[in-house]
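Student: Here is a sequence with its predicted model. Questions after.
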Amino acid sequence: MRVCNATAEIPVREAVLAIIAGQGSVVPDDLALLDDAVRCELALWHADEHAAFVWEWAHDMSTALWALWKPDGAVQFESHSWCGVPEGGTEAGDACFLFLEHSREHSWETFDPAAKEAVRQARQMFPHWFW
């Protein structure tokens, strides 16, 4: 299943406040990792709000800060546990990197055609970079 292509601008001030509220403090240099725009990470045609990972908590690796938004673009920030369901139901599979309550497909069941095309082009242009 293709990944959703909805995007949202991240209100940086509100994101920083959510991070500080969630973990008590933040190292200013770490804020360079904060994106000012995100793309929905859920599968195309999902029923719920759009969602994108924003921040990994320093104090709790089992949860993360996510941006959730509706088509009107209003973004809210929520902390959610990681889904972590392994691909194929075995511990050897890649774990789903979406949040626990996500709808429909797991991350390993979705793909981004633009990203796949970029990798294909990079393999052609720079074959020595790939094994």
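Tutor: Sure, I can see it.
Student: centre of the chain versus the helix or strand bottoming out on mean pLDDT in the chain, how much separation?
Tutor: Here the helix or strand of the chain ranked lowest by mean pLDDT, DSSP states H and E is helix 113-125, holding a mean of 86. Here helix 113-125 is found 21 Å from its chain centre; the criterion is Cα atoms, centre = their mean, to the nearest Å.
Student: Repeat that for stretch 6-14.
Tutor: Taking mean C-alpha positions (Cα atoms, centre = their mean), stretch 6-14 and its chain are 13 Å apart.
Student: Ok, stretch 70-79 next?
Tutor: 14 Å.
Student: Between the two ends of that stretch, how far is it?
Tutor: 17 Å (Cα to Cα, to the nearest Å).
Student: And stretch 52-64, by the same measure?
Tutor: Terminal residues of stretch 52-64 are spaced 10 Å apart (Cα to Cα).
Student: any idea of the mean pLDDT in it?
Tutor: Mean per-residue pLDDT for stretch 52-64: 92.
Student: One more: stretch 19-36?
Tutor: For stretch 19-36, mean pLDDT is 90.
Student: Other residues contacting that stretch?
Tutor: 9-10, 12, 15-16, 54-55, 57-59, 65, 79 (Cβ atoms under 8 Å, 6 or more residues apart in numbering). The C-beta positions use only the backbone N, C-alpha and C, and glycine is treated the same way.
Student: One more: stretch 106-114?
Tutor: 1-3, 41-44, 83, 85, 87, 93-94, 96-98.
Student: neighbour-wise, which of those residues leads?
Tutor: In terms of neighbours by other Cβ atoms under 10 Å, those top out with Leu98 at 26 neighbours.
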